[in-house]
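Novice: here is my input, please return the structure:
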Amino acid sequence: MNKKFYVLLTISTASISCISHAITFNSLQGKSFFNARSQSEDAARELTGWHPFIHRFGIDKNYACYAFNTGYARSIRANRIAQALFGTDQLVVSGSMVTNRGPNDILADYFGLSPAFLADVHLAPRIQNAFFDFQAFWGLDAWCKGLYVQLHAPAVWTEWDLNLTECATDNGSSTPFPALYMAEDSIAAPVHSFVEALKGNTTFGQMQDPLRFGKVDGAQSKGGLSDVQLALGYDFILRENGHAGFNLRCAIPTGSRPKGEYLFEPVVGNGKHWELGVGFSGDVLVWEKDGDQELHFFADINATHLFDARQKRSFDLGEPCDCDDMTNFGSRYILIKEFDADGNYDGKLAPLINKTTLPCKVNVSIEVDMVFMFGYTYRDFIFDIGYNGWIRAKERIELDNCDCRFPSNKYALKGIQDVALNGGIPSNSTQSTATLMGNNFADQNMVSDTNPPIFITEQDIDPDSAAVPRALTHKFFAYLGYAWQERAEQNKVVPFVGLGSDIEFEGINERDTEQPNKTTLSQWSFWIKFGISC
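Specialist: Numbering: from 1, shown residues only. Now for the predicted structure:
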């Protein structure tokens, strides 16, 4: 019985291992850019706490309300962020001399790591934001009943950390690159850590152009004023038991512009997009008792178009098998050879990403931020609870003219081909079917191009490899505050203060959804809101 048990256990373990391996193989895919929801886009945080002092009924003069939010937000579900970039949060990095390399192992050779290098890498990405919002609402009832202007301007500090941890089985320190592979002579690998190699300081052999884009170097932070949002609105219904109205709104891009230097690049704001759109704001009294208690239902829906923003992003190549709508994932990290005007290799290697990080125009057809909330007031106390949904359409990317930045007949994929022939003659051998996963060094003659060099052209660059897919999040929030309402009856300034919290998670997570399309940010946050109505 025990013998049978151990046999079954062995078979089961092997089966699970095979299944796990198959899943890993299928999951290594993703986008070269991660784009989170702008820190300015938060209708829930805007509405809570101050709704008794805006869209006011029975006011024959101009009035104002000013509020400040200070708080902190932090991402959760780190594996989801990792999946957006790699399709998994577990990577294997192995050199071309490692026997039995997995079909999904990242080739260590491209990064200056020894052909004998072998390590497991875990990703636990984290994004955190600290913010200080300024909000203002000006009711212009003295000029036109129901007319108003609204302003929202958050100052933000954000930190993004891919949080790589590495466990090396063999750091390859005793195994050099063989002669002719990276240089005419045998050379030692310059680094013995994948995490260190991604920092971008590595040169080796004829690869003297270190990684300049798509780097990973610990936590990266950025601060600044996020998008400034303005709205000009009119309440066509303004009564004691509720209001309804529309507004024209725009966002002024005061945040940061993506530059592609880091793989997990911190962004303040929406990426320098101008926004223009419309909004609806309304509430209705659903219950009241003794003049001390009221329950209102609120609905705010804002929809904007994000116009072209000039950014710099890193792009992969199209699938080498010429499959439609497929990307050669991670090909931006493959080494390339540079050729002269006569089509001869000139002895210079570089990571492809140094050449395919290019200026581009990015636009988003529509973004919707909607909040549905119950607001309960009991004398001076305010309690809000509700739902916030956020939707952003898929990005559309158009490359700038690449001719001057990515000239024809200049670059070709090296893959695992040699840089020189016996006798030191430069080798024109290329590998146009190379992938991030590479293959075994012993097989290099089987995968070289038949008639090299096969040059990379502008048409080989895949703009979709850096385009963030459609995004959807669900947020639930609550707020508890206090306002000195009796001062309003005396026509005095009314101060208010409160504490809010929320939790947000991705909405596109069906079983058949590809992992890289789960690109939204799950996070929790809390904030303190205080202000005055006058």
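Novice: what separation is there between the residue lying closest to E486 once chain neighbours are set aside and F68?
Specialist: Excluding the flanking residues, the one nearest E486 by C-beta to C-beta, 6 or more residues apart in numbering is D380, at 7.6 Å. The way it works is simple: take the backbone N, C-alpha and C, and place the C-beta from them, glycine included. Note on D380: its distance to F68, by C-beta to C-beta, to the nearest Å, is 19 Å.
Novice: same question, K289
Specialist: 32 Å.
Novice: isn't F297 up against M373?
Specialist: Yes. F297 is within contact range of M373, at 7.4 Å (criterion: C-beta atoms under 8 Å).
Novice: run a quick neighbour tally on I425.
Specialist: I425 is flanked by 10 other residues according to other C-beta atoms under 10 Å.
Novice: got the phi and psi for it?
Specialist: Backbone torsions for I425, taken as degrees, to the nearest 10, come to phi -80, psi 130.
Novice: that one and G347, how far apart?
Specialist: Distance, I425 to G347, by C-beta to C-beta: 11 Å.
Novice: ok, now F526?
Specialist: From F526 to G347 the distance is 57 Å (C-beta to C-beta).
Novice: more neighbours: those two, which one.
Specialist: Neighbour count, other C-beta under 10 Å: between F526 and G347, G347 has more, with 16 against 12.
Novice: which pLDDT value belongs to that one?
Specialist: Note for G347: predicted pLDDT of 95.
Novice: quick one, what contacts it?
Specialist: Counting by C-beta atoms under 8 Å, 6 or more residues apart in numbering, G347 touches 206, 419, 426.
Novice: residues near the closest residue to the second one other than its chain neighbours, how many?
Specialist: Setting aside the residues directly before and after it, V419 is nearest to Q206 in space (C-beta to C-beta, 6+ apart), at 5.3 Å. The burial metric for Q206, expressed as a neighbour count using other C-beta under 10 Å, is 24.
Novice: with V493 instead?
Specialist: So V493, with other C-beta under 10 Å, has 11 neighbours.
Novice: nearest spatial neighbour of it, skipping sequence neighbours?
Specialist: Take V493 and drop its neighbours on the chain: the residue closest to it by C-beta to C-beta, 6+ apart is C534, 4.7 Å away.
Novice: one more: A44?
Specialist: A44 sits nearest to N388 (C-beta to C-beta, 6+ apart), 3.9 Å away.
Novice: wait, the one you found touches D502, no?
Specialist: Yes. With contact defined as C-beta under 8 Å, N388 reaches D502; the gap is 7.4 Å.
Novice: which residues are common contacts for these two?
Specialist: With C-beta under 8 Å, 6+ apart, N388 and D502 have common neighbours 44, 475-477.
Novice: now, those that are in strands?
Specialist: 475-477 (DSSP state E).
Novice: quick one: what helix or strand has the closest residue to S256 other than its chain neighbours in it?
Specialist: Computed as C-beta to C-beta, 6+ apart, the closest residue to S256 that is not its neighbour in sequence is V268, at 4.5 Å. Counting by DSSP states H and E, no helix or strand carries V268.
Novice: contacting residues around V268?
Specialist: 39, 156, 158, 222-226, 255-256.
Novice: quick check: ChimeraX command selecting the buried ones in these.
Specialist: Written as a ChimeraX command, the selection of buried residues from those, which uses 16 or more other C-beta atoms under 10 Å, is:
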select :39,156,158,222,225,226,255,256
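Novice: make JSON lines from the contacts of V268 and add secondary structure to it.
Specialist: Rendered in JSON lines, the data for the contacts of V268 read as follows (DSSP: H, G, I helix; E, B strand; the rest coil):
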{"residue": "Q39", "secondary structure": "coil"}
{"residue": "V156", "secondary structure": "strand"}
{"residue": "T158", "secondary structure": "strand"}
{"residue": "K222", "secondary structure": "strand"}
{"residue": "G223", "secondary structure": "strand"}
{"residue": "G224", "secondary structure": "strand"}
{"residue": "L225", "secondary structure": "strand"}
{"residue": "S226", "secondary structure": "coil"}
{"residue": "G255", "secondary structure": "coil"}
{"residue": "S256", "secondary structure": "coil"}
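Novice: nearest to I76, of the contacts of V268?
Specialist: Relative to I76, the closest of these is T158; by C-beta to C-beta it sits at 15.9 Å.
Novice: which residues are in contact with that closest one?
Specialist: Residues near T158 by C-beta under 8 Å, 6+ apart: 39, 127-130, 221-223, 266-268.
Novice: pLDDT score assigned to it?
Specialist: For T158, the model assigns a pLDDT of 98.
Novice: kindly report the same for the one 10 residues further on.
Specialist: A168 carries a pLDDT value of 96.
Novice: what strand or helix carries it?
Specialist: Using DSSP H and E, A168 sits within strand 164-170.
Novice: report how many residues lie close to the residue lying closest to M326 once chain neighbours are set aside.
Specialist: Spatial nearest neighbour of M326, chain neighbours left out: E319 (3.5 Å); criterion: C-beta to C-beta, 6+ apart. Per other C-beta under 10 Å, the neighbour tally for E319 reads 17.
Novice: next: A393.
Specialist: Neighbour number of A393 under other C-beta under 10 Å is 17.
Novice: looking at it, it is touching E367, isn't it?
Specialist: Yes. Between A393 and E367 there is a contact at 7.2 Å, judged by C-beta under 8 Å.
Novice: helices or strands up against the helix or strand following the strand holding A168?
Specialist: Scanning forward in sequence from strand 164-170, with DSSP H and E defining helices and strands, the next element found is helix 194-197. The contact analysis (3 or more C-beta pairs under 8 Å, 6 or more residues apart in numbering; DSSP states H and E) places helix 194-197 against strand 118-123, strand 164-170.
Novice: and those strands, which is most packed in?
Specialist: Most buried of the helices and strands packed on helix 194-197, by mean neighbour count (mean count of other C-beta atoms under 10 Å): strand 118-123, with a mean of 19.
Novice: tell me the strands beside that strand, with direction?
Specialist: According to DSSP bridges, strand 118-123 forms sheet pairs with strand 90-94 (antiparallel), strand 164-170 (antiparallel).
Novice: got CSV for the ones you listed, with distance to V284 too?
Specialist: Shown next, in CSV, are the strands paired with strand 118-123 (distance: least, C-beta to C-beta, whole Å):
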stretch, distance to V284
strand 90-94, 51
strand 164-170, 51
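Novice: out of the ones you listed, flag the one nearest G438.
Specialist: Closest approach to G438 among the strands paired with strand 118-123 is made by strand 90-94 (9.0 Å; C-beta to C-beta).
Novice: now the element after that closest one, going C-ward?
Specialist: Assigned by DSSP H and E, the successor of strand 90-94 is strand 106-107.
Novice: cool, thanks, signing off.
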